[in-house]
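Visitor: Dropping a prediction and its sequence here:
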Amino acid sequence: MSAFRSIEWKNDQLRLLDQRQLPAITTYNDYKDYKEVAKAITTMVVRGAPAIGVTAAFGLAIAARQSAATTMTDFLADLDQAGAHLMAARPTAVNLDWAVQHLLTLAKETAEVAVLPDVVAIAALQKTLLTEAQGLCQADIEICQQLGTHAQALIPNPATVIHHCNTGALAAVDYGTAIGIIRVAHEQGKKIHVFLDETRPRLQGASLSAYEMKAFEIPHTVIVDGASGYVMSTRKIDACIVGCDRVAANGDVANKIGTYNLAIVARAHNVPFYVACPTSTLDMTLKSGDEINIEERAATEITEVKGQQITPDDTPVFNPAFDVTPADYISAIITEKGIVYPPYVDNLQQLLKA
Ligand code: MRU
């Protein structure tokens, strides 16, 4: 288990590690209002697709406890409203919608078969939703460990890899996805070295991934995003490993901005490009990455560094937080159910059916 915890249900409230303060300050915020939970997601107190999903599940469980409804109809309406509010917190990571819809469906199905008076059934459902959120929280750790274990078939020993953004224990509940793979390799005694893209503009690689690599004593080197081509052309790189925020049915991958550039450079150097993807990040309702809603964030993420303006006044900027890497650039998609190879259109369907 990690020495830090991104998300925890503690003292009957939600506790989030404030990732905006890392690595300098380790501080936790407590939540018992679902709107504050949504705000924590929007403002990136908590970030990373799996972590956002689990946080939103707790947000909905908190909303259930906040509801003053005395009829089941009103209670479900309150949940729907809270669910919509939580799902609007960030648009790209599908885990957010997945977790909220999962709890809403559970609430509706449980309500349909309830035989007790509404006030009693509502009280029971409030407990059920919290238990379910806690279950998703625990399951996330196991899913990441399974994904990391499956991936070892692709990780040689020794291995040198390039990683983008942060996909570790801070982006999930523990272990994480792409960094989970690196961590399992390290735990299995493989000699693994990771180059960490700093990941402009929020610097998740430099501040969060490096923080985790240091904590787990995994050999690492931080590089600027633009250095990956030079690193691939001058060193033996065995793989690029990245996470994802939403994967379409054809295998197109939305992930942190800069992922697509890295994939192109990897293709140019014949370096395998692997995507770590819990099945909750698959969005089989979307045919291709063209349909993925890409979040645009505040201009100040680019125009300022630590509150200090670095561009001339009124400089126009464009700040998409994610990009889409076409499936053609992806050597394999690694899930907790196994490794998927192209053609993804068929093989992702097969994986989910199995
Ligand atoms: O904007 P963020 O920090 O929430 O971005 C999400 C990510 O951490 C990455 O895109 C990541 O690769 C997917 S989450 C394991």
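Guide: Everything's here; your move.
Visitor: Please make it C-alpha for all contacts and neighbour counts, starting now.
Guide: Fine.
Visitor: Spit out the contact partners of whichever residue of the stretch 251-354 of the chain sits closest to the ligand.
Guide: Nearest residue of the stretch 251-354 of the chain to the ligand: K256, at 3.7 Å (Cα to the nearest ligand atom). Counting by Cα atoms under 8 Å, 6 or more residues apart in numbering, K256 touches 164-165, 244-245, 321-323.
Visitor: you'd agree E336 is up against L147?
Guide: Yes: with contact defined as Cα atoms under 8 Å, E336 reaches L147; the gap is 4.0 Å.
Visitor: Of those two, give the one with the bigger neighbour count.
Guide: Comparing E336 with L147 by other Cα atoms under 10 Å, the one with more neighbours is L147, at 28 against 21.
Visitor: Return the alpha-carbon coordinates of stretch 165-174 using CSV.
Guide: Taking C-alpha atoms only, stretch 165-174 is exported to CSV below (Å, rounded to 0.1, in the frame of the first residue of the first chain):
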residue,chain,number,x,y,z
CYS,A,165,1.3,12.6,-17.3
ASN,A,166,0.5,10.8,-14.0
THR,A,167,-1.3,7.5,-14.0
GLY,A,168,-0.2,6.2,-10.7
ALA,A,169,-1.6,5.8,-7.1
LEU,A,170,-2.6,9.5,-7.3
ALA,A,171,-4.6,9.1,-10.5
ALA,A,172,-6.4,6.0,-9.0
VAL,A,173,-6.9,4.7,-5.5
ASP,A,174,-3.6,2.9,-5.4
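Visitor: Just give me how far that stretch sits from the chain centre.
Guide: Distance of stretch 165-174 from the chain centroid (Cα atoms, centre = their mean, to the nearest Å) equals 7 Å.
Visitor: give me the number of residues near A3?
Guide: With other Cα under 10 Å as criterion, A3 counts 8.
Visitor: how about the helices in this protein?
Guide: Per DSSP state H, the chain carries helices over the ranges 34-42, 49-66, 72-87, 94-112, 118-151, 178-187, 210-215, 228-234, 259-268, 300-303, 344-353.
Visitor: So which residue is smack in the middle of the protein?
Guide: Centroid-nearest residue in the chain, with Cα atoms, centre = their mean: A49, separated by 1.9 Å.
Visitor: check contacts around that one.
Guide: The contact partners of A49, by Cα under 8 Å, 6+ apart, come to 93-96, 171-172, 244-245, 281.
Visitor: switch to 6 Å and redo it
Guide: With contacts defined as Cα atoms under 6 Å, 6 or more residues apart in numbering, A49 is in contact with 93, 95, 245.
Visitor: before we move on, what about A327?
Guide: For A327, the contact set (Cα under 6 Å, 6+ apart) comprises 251-252.
Visitor: hmm, 10 Å instead?
Guide: Residues in contact with A327 (Cα atoms under 10 Å, 6 or more residues apart in numbering) are 247-253, 288-289, 333, 342-345.
Visitor: In strands, which of those fall?
Guide: Cross-referencing the contacts of A327 against strands under DSSP state E gives 247-248, 253, 333.
Visitor: can you name the two of these that are farthest apart?
Guide: Largest separation among these by Cα to Cα: A248 and I333, giving 11.8 Å.
Visitor: In stretch 13-28, which residues are buried?
Guide: For stretch 13-28, the neighbour count (16 or more other Cα atoms under 10 Å) marks 14-20, 28 as buried.
Visitor: TSV for the residues you listed, including pLDDT and distance to I122?
Guide: Compiled in TSV, these are given as follows (pLDDT from 0 to 100; distance: Cα to Cα, whole Å):
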residue	pLDDT	distance to I122
L14	98	21
R15	98	25
L16	98	27
L17	98	31
D18	97	32
Q19	97	34
R20	96	36
Y28	97	31
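Visitor: how about these, which pair is most distant?
Guide: L14 and R20 (17.3 Å).
Visitor: Look at A3 and report its pLDDT.
Guide: If you check A3, the pLDDT there is 78.
Visitor: same thing with A61?
Guide: Reported pLDDT for A61: 98.
Visitor: Is it correct that it is in contact with E132?
Guide: Yes: contact criterion Cα atoms under 10 Å: A61 and E132 qualify, at 8.5 Å.
Visitor: So for these two, which sits in the more crowded spot?
Guide: Applying other Cα under 10 Å to A61 and E132 shows that A61 carries more neighbours, namely 29 against 17.
Visitor: List the contacts of the more buried one.
Guide: Each residue near A61 by Cα under 10 Å, 6+ apart is listed here: 32, 34, 55, 79, 82-83, 100, 103-104, 125-134.
Visitor: Please pick the buried ones from the residues you listed.
Guide: Here, 16+ other Cα under 10 Å leaves 32, 34, 55, 79, 82-83, 100, 103-104, 125-126, 128-130, 132-134 buried among these.
Visitor: Flag every residue of the stretch 101-250 of the chain that's near the ligand.
Guide: Taking Cα under 6 Å from any ligand atom as the contact definition, the stretch 101-250 of the chain meets the ligand at 165-167, 171, 177, 242-245.
Visitor: And the residue lying closest to V345 once chain neighbours are set aside, how far from V265?
Guide: In this structure, V345 finds its nearest non-sequential neighbour in N250, 4.4 Å apart by Cα to Cα, 6 or more residues apart in numbering. Using Cα to Cα, to the nearest Å, N250 is found at 22 Å from V265.
Visitor: Sounds good, over and out.
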